[in-house]
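**Student:** Build the 3D model from these lines:
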Amino acid sequence: MIPQQDTALLQNSMLSRLMFLTLKRNVHKPPILRLTNRVINGFNSVNTTGGVFLDVEKAFDREWHDGIVFKMIKLNFPSYIIHLINSYLSDQTFQVKILATLSRIGTVSAGSPQGSNLSPMLYNTYTHDFPTTPTVDAFLFADDAAIIAQACNPDMVRCYLQQYLKKT
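**Tutor:** Numbers count the residues shown, from 1 in each chain. Next comes the predicted model:
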């Protein structure tokens, strides 16, 4: 069974072609399979393949709350979901206790709650507009990205990747 929030995203075409949510029923090819196919096709056509692999450190801790809500509005999420997520992310606080001493209460202004099932979906919503170009493919899975370029020679591949990385 597909989680309800994932179903809403699929029905409303809110998933970027780059994204893949972990669904029990495989609706999209996993990024690793698409990446593997891209590399194999490059080898078969005698192209040079180059890639840059990124892992966003503490990605779920860095999601800007207002940015998530803004993108949900831009993607035409139903207003009740936007209000629910905004309420879920707003007014989060923390306090640290060491032995018998309590710190002041701090406010959480970014990130989604640790271990939450919503965190990957919120991060995918936040990064749904990851840039694409005709010469470079990006394969995303939550906080990991593989950026791949192919061309007839290594210099062109390097040029494509450098141009892409300068834009993003």
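**Student:** can you map out the helices along this protein?
**Tutor:** Along the chain, counting by DSSP state H, helices occupy 4-11, 31-44, 65-74, 79-89, 118-126, 154-167.
**Student:** which helices and strands sit right next to the second one?
**Tutor:** When contacts are defined as 3 or more C-beta pairs under 8 Å, 6 or more residues apart in numbering; DSSP states H and E, helix 31-44 sits against strand 48-55, strand 136-141, strand 144-151. Where C-beta positions appear, they are placed from N, C-alpha and C, glycine not excepted.
**Student:** Could you dump the ones you listed into CSV and include mean pLDDT and mean neighbour count?
**Tutor:** Formatted as CSV, the helices and strands packed on helix 31-44 follow (pLDDT from 0 to 100; neighbours: other C-beta atoms under 10 Å):
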stretch, mean pLDDT, mean neighbour count
strand 48-55, 91, 15
strand 136-141, 84, 20
strand 144-151, 90, 20
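**Student:** how about the ones you listed in CSV, adding distance to Asn124?
**Tutor:** Listed next are these as CSV, based on distance: least, C-beta to C-beta, whole Å:
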stretch, distance to Asn124
strand 48-55, 15
strand 136-141, 8
strand 144-151, 12
